[in-house]
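In: Following is a predicted model, sequence given first.
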Amino acid sequence: MKRPRSMDIDFEVNAAYINYGEGEVAGTVDVWKDGQVAADLDAEDQVLGIEVLGFDEETLKNARKFADAHDLAFPVNLRGVLVAA
């Protein structure tokens, strides 16, 4: 399972970006609910990052589901960290 390289959180807009790799983004695909969860892909369709817009339980569940399907580790305590902040 590939682990995230880094994670950026923007509390002002309730967004997070989980970075899984280096490279040039060749495209972005909506994963769930019109881009509330989206993935950046390279030219070989490898996931470079996952963008999450909103930190509610359903959004994070769908982001985690996508990550699991692509053998990517997703931050387990993301919701808890955000709630505590």
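Out: Arrived safely, thanks for sending.
In: For this protein, spot the helix or strand the model is least confident about on average.
Out: None of the helices or strands of the chain scores lower by mean pLDDT, DSSP states H and E than helix 78-84, at a mean of 53.
In: which residues of this protein fall in helices?
Out: 57-69, 78-84 (DSSP state H).
In: Contact partners for the residue nearest the centre of the chain?
Out: By C-alpha atoms, centre = their mean, the chain has its centre lying nearest to Ile50, at 2.7 Å. Under the criterion of C-beta atoms under 8 Å, 6 or more residues apart in numbering, the contact partners of Ile50 comprise 17-18, 20, 31, 37-40, 63, 66-67, 72, 74. For glycine as for every other residue, the C-beta is placed from the backbone atoms N, C-alpha and C.
In: and the residues you listed as TSV, adding pLDDT and neighbour count?
Out: Rendered in TSV, the data for these read as follows (pLDDT from 0 to 100; neighbours: other C-beta atoms under 10 Å):
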residue	pLDDT	neighbour count
Tyr17	95	16
Ile18	96	23
Tyr20	97	22
Val31	95	21
Val37	97	24
Ala38	98	20
Ala39	98	24
Asp40	98	21
Ala63	95	27
Phe66	97	19
Ala67	97	23
Leu72	97	20
Phe74	93	20
